[in-house]
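# Build the 3D model from these lines:
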Amino acid sequence: TGSDATGTGSQAFPVATVAKAQAKIRSLNTTQARDLTVVVDATVVASPELALVVRDSGKNGHRVKWTGTIDNGARVTGWTVFSGSLYRAAYSGDNMRACWIDGVRCYRARRGSGLVSATWTGTGYTTSDMASTRNPANAELVYSPYAFTESRNVVTAVSGGAITMRSPAHGDITSAFGGTPGSVAPEDVENCYEDFVGHATQGTFYYDEAAGYIYYYPRTGENLATASFIAASGPSVMVSANGVSAVDFEGLTLRYNNWDLRPNGFASIAQNMYWDATHPRVLDAGYGDKCAVPPAALYIAGCTDVNVIGGAYEHLSTMGIHRTSASVDCTMTGVKVDDVASNGVELGSPTEALASTASSGLHTKNNRITRVGMEHLGAAGIVAVFVRDTDIEHNLIEDAPYIGISFSIGLHAHPEWQTAKVGNNRVRYNLVTRVMTAKLEGAALYVQDVQNGVSGGTGLDLSSNVATNVRDDYTSLTTSACGTYL
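Numbers count the residues shown, from 1 in each chain. Modelled structure (predicted):
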């Protein structure tokens, strides 16, 4: 352990926090004469996130490298038998939605069916279901508005025979985003005490934030007295870089973050884009350019020459890595992305449809992207939106509930698409396997929009990829409006 008071930042006299390490770099890089390296040694929690800005850049032709491990997880101990095979331990954290035992993800308790005898209202439902449930503020309802999405919304209150849901997500989800109000019913109830106690399955948990307890039903062979039980904690975005240059995240590991859905719910549209109070459907005009995307553990925006090299982004409640907002020449290579709740990697974003310049040079090569969409089933391994001059090559995409690699997401109707900001992209030599395991209307390799090309370049080179073990519904080559599915 180090000391922020006496540490110099050397290996012999380390500092104690990432914030202090950042301050040390800022004191050195103004007259930087060599590359600087920050080693995050052992378990350090990013709370708040490590936020790099312009003054954290490498200077004078030299670079700043961040390496090591940032681990937001909260270790849970002190388990006691609650009832039968169910155990309980004290824990306090903001709407914790994921946990792991010896590195294996545990899932929030699900009922396996929707609400009983429920009538839709503009604010929620009238039903006696959940009338006596404990701590309804941590409960969620799960929906599938379309075959390619999974949405969920949070219960904000239960009073007598009325359930109040978070809005505007309630209206967006249950109308299938502009259809008949109430036409989409919940298919499941999640994190409800009565469901967990009544018919818990092994490897599931219930979290009662108000009372300060986690309840867990161990899998066969798990011993809570000796196992490492870790609860997701801390900020969703663990490390961010905004407007930075000449920085490398090399051999960096990020894990065990949390994503609290209570402020907005999750009205997922496609590939886990979603509408919320800040990005409402009514202002989106159906183009998708004003929607939100899930947070990522590593977020890189408006950067130049910021590279992700090696390392692991794993056991996450969010996306793994997102590079966006007119970033230029930001390469990702040799990285492991595994066991993430949403998309594995995102390049660009729908909002770049309105930007003067799309992100470019977001090369993504020789990476292993596995087990994505572990909570949000509309997820893809790699999503690229409004990018140009970018290579996606020699990646392994394995185990995705929806698409393997998606290039553009159905924004062909958007007038900004016609400005030819995208193109000269290559998706080649990738192995995509075991995808489309839970959702439909997608493919291993999915291209749904025109690649207009850029000056001196081409559109999209989609070649020499291998797709195996794809759900039978979508294994053939199919064409649609402005698109190709493979």
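
# List the contacts of the lengthiest strand in the chain.
Assignment by DSSP state E gives strand 245-255 as the longest strand of the chain. Strand 245-255 is contacted by residues 40, 46, 52, 56-59, 62-73, 238-239, 241, 297-298, 303-316 when judged by Cβ atoms under 8 Å, 6 or more residues apart in numbering. In this view, the C-beta of every residue, glycine as well, is placed from N, C-alpha and C.

# Show me what that strand pairs with in its sheet, parallel or antiparallel.
In the sheet, strand 245-255 lines up against strand 64-71 (parallel), strand 304-309 (parallel), strand 312-316 (parallel) (DSSP bridges).

# Report the buried members of the contacts of strand 245-255.
Among the contacts of strand 245-255, those classed as buried by 16 or more other Cβ atoms under 10 Å are 40, 46, 52, 56-59, 63-73, 238-239, 241, 297-298, 303-316.

# neighbours around R88, how many?
18 (other Cβ atoms under 10 Å).

# For it, which non-adjacent residue is spatially closest?
Computed as Cβ to Cβ, 6 or more residues apart in numbering, the closest residue to R88 that is not its neighbour in sequence is F82, at 4.0 Å.

# The one you found and A90 touch, don't they?
No: applying Cβ atoms under 8 Å as the test, F82 and A90 come out as separate, 11.9 Å apart.

# any idea which helix is longest in the chain?
Assignment by DSSP state H gives helix 18-28 as the longest helix of the chain.

# mind showing which ranges of the chain have poor pLDDT?
Scanning the chain with the threshold set as pLDDT under 70 gives 42-47, 282-289, 353-356, 409-421, 449-457, 472-486.

# So for it, the centremost residue is which one?
M319 (2.1 Å; Cα atoms, centre = their mean).

# Is that residue bridged to anything, and to what?
Applying DSSP bridges, one finds that M319 bridges with A296.

# Can you tell me how far it is from L298?
9 Å (Cβ to Cβ, to the nearest Å).

# And for A267?
25 Å.

# R255 now?
11 Å.

# quick one: common contacting residues for the two?
The contact lists of R255 and L298 share Y313, where a contact means Cβ under 8 Å, 6+ apart.

# Mind listing what's buried along stretch 25-36?
Neighbour counts over stretch 25-36 (16+ other Cβ under 10 Å) mark 25, 29, 32, 36 as buried.

# tell me which element I392 is part of?
strand 391-393 (DSSP states H and E).

# In its sheet, which strands sit next to that strand, and in what direction?
Assessed with DSSP bridges, strand 391-393 is paired to strand 364-365 (parallel), strand 425-428 (parallel).

# still on that earlier bit, the residue nearest to R88 and R219: what is the separation?
According to Cβ to Cβ, F82 and R219 sit 16 Å apart.

# With G302 instead?
44 Å.

# Looking at those two, which has the bigger crowd around it?
G302 (18 against 14).

# could you pull out the helices for this protein?
Using DSSP H, helices in the chain cover 18-28, 169-174, 193-199.

# Out of these, indicate the one that is most buried.
helix 169-174 (a mean of 25; mean count of other Cβ atoms under 10 Å).

# Please state the offset of that helix from the chain centre?
On the basis of Cα atoms, centre = their mean, to the nearest Å, helix 169-174 sits 21 Å off its chain's mean C-alpha point.

# With just CA atoms, put that helix into PDB.
Extracted C-alpha coordinates of helix 169-174, given in PDB (Å, rounded to 0.1, in the frame of the first residue of the first chain):
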ATOM      1  CA  ALA A 169     -39.500   4.400 -20.200                       C
ATOM      2  CA  HIS A 170     -42.900   2.900 -19.300                       C
ATOM      3  CA  GLY A 171     -44.700   4.500 -22.200                       C
ATOM      4  CA  ASP A 172     -41.900   3.800 -24.700                       C
ATOM      5  CA  ILE A 173     -41.500   0.100 -23.800                       C
ATOM      6  CA  THR A 174     -45.100  -0.900 -23.400                       C
END
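
# I'd like to know which elements it is packed against.
Packing contacts for helix 169-174, counted by 3 or more Cβ pairs under 8 Å, 6 or more residues apart in numbering; DSSP states H and E, involve strand 151-159, strand 267-268.

# swap the cut-off to 10 Å and go again
If you count contacts as 3 or more Cβ pairs under 10 Å, 6 or more residues apart in numbering; DSSP states H and E, helix 169-174 packs onto strand 124-126, strand 140-143, strand 151-159, strand 162-165, strand 267-268, strand 274-275.

# Tell me the gap between the fourth one and the middle of its chain.
The gap between the average C-alpha position of strand 162-165 and the chain average comes to 27 Å, counting by Cα atoms, centre = their mean.

# list the buried ones in it?
Under 16+ other Cβ under 10 Å, the buried positions of strand 162-165 are 163-165.

# can you check the longest one too?
Burial within strand 151-159, assessed by neighbour count using 16+ other Cβ under 10 Å, is assigned to 151-156, 158.

# List the residues that contact E393.
333, 363-367, 426-430, 464-465 (Cβ atoms under 10 Å, 6 or more residues apart in numbering).

# What distance do you get for W100 to G221?
16 Å.

# Revised request: answer the last question for S183.
44 Å.

# right, and H315 touches G73 too?
Yes: when contacts are counted by Cβ atoms under 10 Å, H315 is listed as touching G73 (7.7 Å).

# Common neighbours of these two, please.
Residues touching both H315 and G73 by Cβ under 10 Å, 6+ apart: 98-100, 230, 232, 255-257.

# Which one (most neighbours) among those residues?
N257 (31 neighbours).
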